[in-house]
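Colleague: give me a model of this one.
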Amino acid sequence: MGRVSQAEAKANRERVVEAASRLIRERGVAEVGIVDVMQSIGLTQGGFYKQFASKSALVDEAIAKGLADNIRDLVSLDEVAGDHGAAWRSLVESYLSVEHRDDPGGGCPTAGFAGDTARHPEHRGTYAAGVEEMAAWIAPGNAGLAALATLVGGILLARATSGTGLSTRILTAVGEAATKPAGGPSADDAHAAAASPPGAV
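Modeller: Numbers count the residues shown, from 1 in each chain. Model (predicted):
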């Protein structure tokens, strides 16, 4: 068998990182071995250490790639939607869908890597950088962080309760909350405030 060219080696490396990114989101770091990653793309374990210093190094690259791809997709969403408000509403609709809930491997890396980065502090710097980028895409400052936390918390709770009626209720409730005007009350809130007597708490 001939030697692998530099171009082929580079392409294989990218495939390994992409496969690891998906598998880790789907199963978690502890449940994904080097053999699992390599076999998923038809490669043997033997070539792994020619490309990566360790499993931890691969995990960090997989997290970085997933987050970078996510930002690229969000920028594209802005371009397709035509304005940021429409892009945000489109994101909320797809993010809080049953399809996204049921596909963690192909879903948002911010949600998909949250548990592992909580348990593995060596990856938190990479993860935090991606979180900040996604939050900044949503809105400046704390508003973006709050909105992102709402989405991520919602999808994680929906996945944790999948198979129960509560799961779809969570998706619906978070979607309604996420699309309220920023800093403003909903129509129901405004109606309740108007009906309250002066001085009521």
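
Colleague: any idea how far L58 is from I34?
Modeller: Per CB to CB, to the nearest Å, L58 is found 8 Å from I34. Where you see a C-beta, it was placed from the backbone N, CA and C, and this is true even at glycine.

Colleague: thought I63 was touching P109?
Modeller: Yes - between I63 and P109 there is a contact at 6.9 Å, judged by CB atoms under 8 Å.

Colleague: mutual contacts of those two, please.
Modeller: 21, 130 (CB atoms under 8 Å, 6 or more residues apart in numbering).

Colleague: more neighbours, these two?
Modeller: Applying other CB atoms under 10 Å to I63 and P109 shows that I63 carries more neighbours, namely 29 against 26.

Colleague: need the three-state assignment for the more buried one.
Modeller: Here I63 is recorded as helix under DSSP: H, G, I helix; E, B strand; the rest coil.

Colleague: for L91, which non-adjacent residue is closest in space?
Modeller: Closest residue to L91 apart from its sequence neighbours, by CB to CB, 6 or more residues apart in numbering: L77 at 6.4 Å.

Colleague: pLDDT at the one you found, what is it?
Modeller: Note on L77: pLDDT of 97.

Colleague: burial of it, as a residue count?
Modeller: Around L77 there are 17 residues (other CB under 10 Å).

Colleague: how close does it get to A86?
Modeller: Using CB to CB, L77 is found at 9 Å from A86.

Colleague: now do the shared contacts for L58 and I34.
Modeller: Common neighbours of L58 and I34 (criterion: CB under 8 Å, 6+ apart): F48.

Colleague: between those two, which one's more packed in?
Modeller: Summary of the neighbour comparison: L58 and I34, criterion other CB under 10 Å, with L58 having more neighbours (24 against 16).

Colleague: does that one touch A64 like I think?
Modeller: No - taking contacts as CB under 8 Å, L58 lies outside contact range of A64: 10.7 Å.

Colleague: mind checking how far the residue nearest the centre of the chain is from S162?
Modeller: Central residue of the chain (CA atoms, centre = their mean): C108, 2.3 Å from the mean position. Counting by CB to CB, the separation of C108 from S162 is 16 Å.

Colleague: what about the helices in this structure?
Modeller: For the chain, the helices defined by DSSP state H cover 6-27, 34-40, 48-51, 55-81, 84-95, 98-101, 109-112, 114-119, 124-138, 141-160, 165-178, 187-195.

Colleague: okay, those helices, which one's buried deepest?
Modeller: Mean neighbour count (mean count of other CB atoms under 10 Å) peaks for helix 109-112 among the helices of the chain, with a mean of 24.

Colleague: and it, what other elements does it pack with?
Modeller: Here helix 109-112 touches helix 6-27, helix 55-81, helix 124-138, helix 141-160, going by 3 or more CB pairs under 8 Å, 6 or more residues apart in numbering; DSSP states H and E.
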